[in-house]
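Undergrad: Got a sequence here, can you build the structure:
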Amino acid sequence: MKTKNKLIRMAKVLSMAFIIFVKIYWYKIRKKPELEWQKLWDEIGKRFRRTLFELEGLLIKIGQLLSIRGDLLPKAFIDQLQDLTDHVPPSDWKDIQDILETEWGGSLEQKLHSIEKKAIASASIGEVYQGKLKDGTKVAIKVQRPHIQSIVQIDFRTLGIIIWFADHFVPLPKGFINFNVLFKELKQVIERELNFSKEQEALLSFKDRFKESDVVQIPSVFSELSTSKVLVMEWVDGIRLTDSEALDQLDVSRKELAQRLITLFLPQWLEAGTFHADPHTGNVLVSKEGKIVLLDFGMVGEITKKDAAHFQKLIESILSKNYPKAVESLTQLGFLLPGAESRTIEGLLEELLSFHPSQLKEMDLIAFKLEMNDMIQALPIQVPTRFVFLGRSFITIEGVLHIIAPKEELIDVGKPVFLNWIQHQGNNKWSFVWQWLQSQPLFKVVHSVTEFLKAPEKLAEIKEIEQRRYFQFTIYENTKRNLFQLLLFGSLGIGVGMYTSHQLIWQISVGVSAISIIGYLFSHYKQKKWMKYMHEKR
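TA: Numbering: from 1, shown residues only. As a prediction, this is how the structure comes out:
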């Protein structure tokens, strides 16, 4: 892996972050127009991308995570990260052999009949080799990359510095993003991926969950050979989803294959439990019998029972066109920020979902997605951090479905699978009927009259709260901006004083800088305390 020297690696990342921060502040101070900001974010995205490919490691995974945060980050920045792939050159075989022998406590010959010395897959955290056990069983051996622990530690330390600086000095994005929460979640996911024992647990959990399914194949694990740094699994041959000729020769149609994939992932997204968070075409194969082969359980997420219930209510509400209930579910899930006006969101949902499925054939889906991203950024909507990997899983599978069945409409493919899933949800069908009844004219009239009577009072209260909130936030931001400008002025004065050897200029500048730093930190503390209070009150 490139740039293993810790100091050089840290210096390159910190220098990149410092340059980005300075440019953002410079544009903010000069009040650049929107077009100039788009050019800046495009430039920042290109610089960030170059650094990722140069340093690899944890940074590639950070880029992959950021690439699906279109609800938070500028489109010009996201565009530069869309096609990041986690492929790095394999390690020296001697280093891999040392890890295997250390973990197994003996020579390779004691455990294996043979092993290929050339990796069949190589990513930033692990590499996969093909081998045979003593009884001739073919296995896939996943080995942790040499020195990856120390590389990840230095990357976390560097990222922690950047997060602290961003949290204290960078202008807050829409929705008061909690950088620390994002950092903790990323760290938790990567640390889990570094422990192959966790991956083994996830694999066994998925295997047990789908043991009754006849359309899914998950490899077995050889626990006696697996450790926290080595994972030995059954070797499963499969057809890549990008191999069109091989897929066409299967006894299963493309449409049925796509439905099998949806059957596998739909319960992962909507039911409580774990879900596969990285189902790209390298981790999803097809057996010669037409079964979906699922590999690599290093990156998984979890849906709580509470979230699963709200997700199901959201789907039911949308199907029954009960938009007030849909907005309520979105609020419970945390997608709507404090201050979001429910009636506005209801109207937006009704407008977005009013088109007939047949219209999808005439729509430019890429343009529609870009329009949706812009719309989300303009509204009080934010994807909760805990759903980032769920979104990643969903978007990845959407792309895979287009590869499998490019001529099929996704709604036509997924509808029977979803209806079948609904029918097997027990009492949920009665919930669905109730949602449908509530969406009928009589219920709508009652709801509309009630809302109408309350509207003037609610509207006045919302306007007053928003005006107070915006005014107070503007005061804090202006104070911080003025103090930051004063700090820049003081720093310039220190440089001039040192250059001219003028002691008075130097002393005054040091005093100005110290006062501005203290004032900035105090204002930032007051602002964070105020935001926490506002969040609790809302």
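
Undergrad: Please write out the alpha-carbon positions of the helix or strand containing Leu100 in PDB.
TA: With elements delineated by DSSP states H and E, Leu100 resides in helix 93-104, which encompasses its position. Once non-C-alpha atoms are left out, helix 93-104 reads as follows in PDB (Å, rounded to 0.1, in the frame of the first residue of the first chain):
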ATOM      1  CA  TRP A  93       3.500 -13.200  -0.800                       C
ATOM      2  CA  LYS A  94       6.100 -13.500   1.900                       C
ATOM      3  CA  ASP A  95       4.200 -11.000   4.100                       C
ATOM      4  CA  ILE A  96       0.900 -12.900   3.500                       C
ATOM      5  CA  GLN A  97       2.600 -16.200   4.400                       C
ATOM      6  CA  ASP A  98       4.000 -14.800   7.600                       C
ATOM      7  CA  ILE A  99       0.500 -13.700   8.700                       C
ATOM      8  CA  LEU A 100      -1.000 -17.100   7.900                       C
ATOM      9  CA  GLU A 101       1.700 -19.000   9.700                       C
ATOM     10  CA  THR A 102       1.500 -16.700  12.700                       C
ATOM     11  CA  GLU A 103      -2.300 -17.000  13.000                       C
ATOM     12  CA  TRP A 104      -2.300 -20.700  12.500                       C
END
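
Undergrad: How about it, which residues are buried there?
TA: Applying a neighbour-count criterion of 16 or more other Cβ atoms under 10 Å, the buried positions in helix 93-104 are Ile96, Ile99, Leu100, Glu103, Trp104. From N, CA and C alone the C-beta is placed, and that goes for glycine too.

Undergrad: Turn these into TSV, including pLDDT and distance to Gly497.
TA: Converted to TSV, these look like this (pLDDT from 0 to 100; distance: Cβ to Cβ, whole Å):
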residue	pLDDT	distance to Gly497
Ile96	93	57
Ile99	94	56
Leu100	95	61
Glu103	94	59
Trp104	94	64
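
Undergrad: Which two of those have the greatest separation?
TA: Ile96 and Trp104 (12.4 Å; Cβ to Cβ).

Undergrad: just to revisit the earlier point, and the buried residues of helix 93-104, which is closest to Gly495?
TA: Distance ranking of the buried residues of helix 93-104 against Gly495, using Cβ to Cβ, places Ile99 first at 50.4 Å.

Undergrad: ok, that closest one touching His147?
TA: No - taking contacts as Cβ atoms under 8 Å, Ile99 lies outside contact range of His147: 10.3 Å.

Undergrad: Just name the closest of the buried residues of helix 93-104 to Glu127, please.
TA: Ranked by distance to Glu127 (Cβ to Cβ), those are led by Ile96 at 6.8 Å.

Undergrad: gap between the nearest residue to that closest one once chain neighbours are set aside and Leu295?
TA: Taking Cβ to Cβ, 6 or more residues apart in numbering as the measure, Ile96 lies nearest to Val143, with 5.4 Å between them; neighbours along the chain are not counted. As for Val143, its distance to Leu295 is 15 Å (criterion: Cβ to Cβ, to the nearest Å).

Undergrad: need the contact list for the closest residue to Lys229 other than its chain neighbours.
TA: If you skip the residues right next to it in sequence, Lys229 has Gln144 as its closest partner in space, 4.2 Å away by Cβ to Cβ, 6+ apart. The contact partners of Gln144, by Cβ atoms under 8 Å, 6 or more residues apart in numbering, come to Ile99, Ile125, Gly126, Leu194, Phe196, Lys229, Val230.

Undergrad: Phi, psi for Arg240 please.
TA: For Arg240, the backbone dihedrals (degrees, to the nearest 10) come out as phi -70, psi 140.

Undergrad: List the beta-bridge partners for it.
TA: According to DSSP bridges, Leu285 are recorded as the beta-bridge partners of Arg240.

Undergrad: For it, give me its contacts.
TA: Contact partners of Arg240, counting by Cβ under 8 Å, 6+ apart, are Ala246, Thr281, Gly282, Leu285.

Undergrad: Tell me where the protein has strands.
TA: Assigned strands in the chain, in chain order: 112-115, 121-122, 126-133, 138-144, 216-217, 230-234, 239-240, 273-276, 284-286, 292-294, 300-303 (criterion: DSSP state E).

Undergrad: shaky segments in the stretch 251-400 of the chain?
TA: Counting by pLDDT under 70, the ranges of the stretch 251-400 of the chain that qualify are 337-341, 351-382, 385.

Undergrad: wait, what's in contact with Ile96?
TA: So, once contact is read as Cβ under 8 Å, 6+ apart, Ile96 ends up touching Ala119, Glu127, Tyr129, Val143, Pro146.

Undergrad: can you tell me which two in those are farthest apart?
TA: Tyr129 and Pro146 (13.7 Å).

Undergrad: between the two, which one's more packed in?
TA: Taking neighbours as other Cβ atoms under 10 Å, Tyr129 and Pro146 compare with Tyr129 leading, 21 against 18.

Undergrad: Report the separation between the closest residue to the more buried one other than its chain neighbours and Lys134.
TA: Nearest non-adjacent residue to Tyr129, counting by Cβ to Cβ, 6+ apart: Ile141, 4.7 Å away. Counting by Cβ to Cβ, the gap from Ile141 to Lys134 is 14 Å.

Undergrad: And for Leu333?
TA: As for Leu333, its distance to Lys134 is 51 Å (criterion: Cβ to Cβ).

Undergrad: Test my guess that Pro267 contacts Trp421.
TA: Yes - contact status for Pro267 versus Trp421: in contact at 6.8 Å, counting by Cβ under 8 Å.

Undergrad: List the buried residues for stretch 37-55?
TA: Within stretch 37-55, the residues that qualify as buried by neighbour count (16+ other Cβ under 10 Å) are Leu40, Trp41, Asp42, Ile44, Gly45, Phe48, Arg49, Thr51, Leu52, Leu55.

Undergrad: got it, and stretch 415-425?
TA: Applying a neighbour-count criterion of 16+ other Cβ under 10 Å, the buried positions in stretch 415-425 are Val417, Phe418, Trp421, Ile422.

Undergrad: you'd agree the third one is up against Phe265?
TA: No - under the criterion of Cβ under 8 Å, Trp421 is not in contact with Phe265, lying 10.9 Å apart.
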